[in-house]
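Asks: Sequence first, predicted model second:
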Amino acid sequence: MSEAYTDATFNIDDSGIAVFTMNRPDILNALTDELKADYVRMLDAVQSNDDVKVLIITGNGRAFSAGGNVKAMGDPKRAQPVNGRSRILKLHDWFERLHNLDCPVIAAVDGMAYGGGFALALQADFILASERSKFCSVFGRIGLVPDMAVFYALPRTVGMQNAKDLMFTARSIDVAEADAMDLIYSIHPNGELLPAAHALAARLAQGSKHAIGVTKKIVNRSFQSDYSTMAQMEADGQAIMATTDFHKEAVRRFQSKETPLYNWDAMDKTQD
C-alpha cells in the first residue's frame with residue numbers, strides 16, 4: 001500500500017491499525033511538499049476506509065520530524081505575504097482533517113519533534129515518546145511565529161504559561177520535562193516505542209470506532225464551546241450511538257453475563 005507515497009510509507013494491518021511513517025531520514029523527515037502530499041493521500045485512504053480503527057504516525061531514523069524545510073525558505077516568491085498566507089491556509093486544509101480524524105491517532109515520537117514536527121505530534125490523541133526524544137517550538141529561532149495549529153493545540157495541552165514559555169524561548173525540552181508538562185502519554189526505551197504504540201492501538205481498536213470517533217469530535221470542541229452547545233452535541237451523539245450494532249451487542253452481552261466487547265480493565269488482567 002506504500003507504492004503511491006514518495007516521502008512516507010503507509011500500511012494497514014488486518015486488525016485495522018494503520019501506520020504512516022515519514023521516510024526521509026536523510027533530512028530528518030522535514031516537511032517537504034512531497035511529504036505534505038503524502039499526508040493528504042494517507043488521510044484520503046483513512047477517511048474512505050471504515051475498517052481503519054487507529055492511526056499511528058511515526059518517523060524513520062533519528063527524528064520524528066525536524067519540521068519545516070528551512071532550505072526552501074530563502075525563495076523570494078515564498079516570502080511574499082500573499083503567497084505565505086496562501087501556503088499556510090492550504091496547509092490547514094489537510095491539517096484540520098488530521099485533527100478531526102474519526103479514529104484515535106497515536107504519535108510515536110522517536111528523536112526530534114521540532115517545529116512542524118512538534119505540531120504534528122500535538123494533533124495526535126496520544127503522544128508516546130522514546131527516551132531520546134526532544135520537543136521544540138523552534139519557530140522563534142528563525143524569527144517566525146508558530147504555525148500548523150500550535151497556537152491552538154499547545155496551550156490546550158500544557159496550559160497557557162508553559163505554552164508561552166515554549167513559544168517565546170524556542171527552547172527544546174527532553175521527555176522528562178515534556179512528561180512534567182503533561183505533553184506526553186508515556187515514555188518508552190528507544191527500541192520499545194513502536195511495539196508500545198501498536199499495543200495501545202490494538203487495545204483501542206477493540207472499542208467502537210463510531211463511539212470513539214464521536215467522542216473525539218465532541219471533546220475536541222470542549223474548550224471553545226459553552227455548556228449548552230456541549231449538552232446538545234452530547235445528546236445528539238448519544239442518540240445516534242444507541243442505534244449502533246456495537247452498542248446493542250454490548251448490552252446483550254452485559255445482560256447475558258457474557259464476556260464484554262470492550263473492557264480496558266479486563267485487558268489489564270489478561271496481560272498480568
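Replies: That came through fine.
Asks: pretty sure Lys134 is touching Asp174, no?
Replies: Yes. Using Cβ atoms under 8 Å, Lys134 is in contact with Asp174, at 5.7 Å. (C-beta placed from N, C-alpha, C; glycine too.)
Asks: So between these two, which is more surrounded?
Replies: Using other Cβ atoms under 10 Å, the more surrounded residue of Lys134 and Asp174 is Lys134, with 19 against 13.
Asks: Please list all residues in contact with the nearest residue to the more buried one once chain neighbours are set aside.
Replies: Leaving aside its sequence neighbours, Lys134 sits nearest to Ser172 (Cβ to Cβ, 6 or more residues apart in numbering; 4.8 Å). Counting by Cβ atoms under 8 Å, 6 or more residues apart in numbering, Ser172 touches Tyr114, Lys134, Phe135, Cys136, Val138.
Asks: I'd like the average pLDDT over stretch 232-241.
Replies: Mean per-residue pLDDT for stretch 232-241: 97.
Asks: thinking again about what came up before, how far away is the residue nearest to Lys134 from Ser133?
Replies: 10 Å (Cβ to Cβ, to the nearest Å).
Asks: Ile173 too?
Replies: From Ile173 to Ser133 the distance is 10 Å (Cβ to Cβ).
Asks: Who has more neighbours out of these two?
Replies: Shown here are Ile173 and Ser133; by other Cβ under 10 Å, Ser133 has more neighbours (26 against 21).
Asks: Spit out the contact partners of the more buried one.
Replies: Phe64, Val109, Asp110, Gly111, Met112, Ala113, Asp174, Val175, Ala178.
Asks: can you redo those as a markdown table with secondary structure and pLDDT?
Replies: What follows is these, written out as a markdown table (DSSP: H, G, I helix; E, B strand; the rest coil; pLDDT from 0 to 100):
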| residue | secondary structure | pLDDT |
| --- | --- | --- |
| Phe64 | strand | 98 |
| Val109 | strand | 98 |
| Asp110 | coil | 97 |
| Gly111 | coil | 96 |
| Met112 | strand | 97 |
| Ala113 | strand | 98 |
| Asp174 | strand | 98 |
| Val175 | helix | 97 |
| Ala178 | helix | 98 |
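Asks: Show me which of the residues you listed are buried.
Replies: Phe64, Val109, Asp110, Gly111, Met112, Ala113, Val175, Ala178 (16 or more other Cβ atoms under 10 Å).
Asks: State the number of residues packed around Asn220.
Replies: Neighbour tally, Asn220, other Cβ under 10 Å: 14.
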